[in-house]
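In: got a predicted model here, sequence first, then my questions.
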Amino acid sequence: MAFTLGDYVLVLDEDLSGVVKKVKGNTISIETDDGFLLEFQANELVLKDRKETIANQIFSSVTIDAIVSEKEIPKRKNQPKTRAKDRYEPTMEVDLHINQLVKSSRGMSNHDMLSLQLDTAKHKLEYAINKRIQKIVFIHGVGEGVLKMELEYLFGRYNNVKYYDANYQKYGLGATEVYIYQNVSKN
């Protein structure tokens, strides 16, 4: 491509542009927009129709005020649809299966495992009361019912909780849901 004096050019692979000031064979001297005189090979330059910044190209048909006013219009946010049943689902689940609490139960007696499970349940219940979490599901499994009985005894010692079997479809028979009344002082 042949360049002539006064052509406005862009430099390939660089953020430079300018006006052609001197043409000497394949070497083109341009004066950048900042006033520097630089030399490039002809294959490093691209002819530009007119001296126009990229910002002018982008905003040529739209004013800045129109763009700002468009951005200031609040857009309605779509709320995710939740079924009424899902809104009342417990916010916290605690799995009391022994393999969820320790890496290996080897060497632990049944009493040790039960004590660990009950301590965990008590700490999680206290945490939920302190953090004002209203519902918790304790997953205890079916088994012989010893853990479930002990949990019911534990929950019965609190005057601000009620407990009942959790959602059968979701947990089966092996879970108890605890509802914590928020306006009653702690035991």
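Out: Noted; the coordinates are in hand.

In: now the helices for the chain?
Out: 54-58, 64-72, 84-87, 98-101, 110-130, 146-156, 168-171 (DSSP state H).

In: how close does Lys22 get to Glu39?
Out: Applying Cβ to Cβ, to the nearest Å, the value for Lys22 to Glu39 is 8 Å. All C-beta atoms are positioned from the backbone trio N, CA, C, and that covers glycine.

In: need the residues touching each of those two.
Out: Ile28, Ser29 (Cβ atoms under 8 Å, 6 or more residues apart in numbering).

In: so what strands line up beside the longest strand seen in the chain?
Out: If you go by DSSP state E, the chain has its longest strand at strand 17-24. Strand 17-24 has the following strand partners under DSSP bridges: strand 8-11 (antiparallel), strand 27-32 (antiparallel).

In: buried sites along that strand?
Out: Buried residues in strand 17-24, defined by neighbour count with 16 or more other Cβ atoms under 10 Å: Ser17, Gly18, Val20.

In: point out where this protein drops to low pLDDT.
Out: In the predicted model of the chain, residues 1, 50-64, 67, 73-76, 79-90, 184-187 satisfy pLDDT under 70.

In: domains in it, as residue ranges please.
Out: Per automatic domain parsing, the structural domains of the chain span 8-72, 84-180.

In: relative to Ala2, which of those domains is closest?
Out: Minimum separation from Ala2 across the domains of the chain (Cβ to Cβ) falls at domain 8-72, 8.0 Å.

In: got the end-to-end distance for the closest one?
Out: Terminal residues of domain 8-72 are spaced 37 Å apart (Cα to Cα, to the nearest Å).

In: list the contacts of Leu45.
Out: Phe3, Val9, Leu10, Val11, Leu12, Ile28, Ile30.

In: before we move on, back to that, in CSV: the helices of the chain, plus mean neighbour count and distance to Tyr179.
Out: Compiled in CSV, the helices of the chain are given as follows (neighbours: other Cβ atoms under 10 Å; distance: least, Cβ to Cβ, whole Å):
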stretch, mean neighbour count, distance to Tyr179
helix 54-58, 10, 57
helix 64-72, 9, 44
helix 84-87, 7, 14
helix 98-101, 14, 23
helix 110-130, 15, 10
helix 146-156, 16, 10
helix 168-171, 11, 15
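
In: circling back to that earlier point, out of the contacts of Leu45, who's the most crowded?
Out: Neighbour counts for the contacts of Leu45 (other Cβ atoms under 10 Å) peak at Ile30, which has 24 neighbours.
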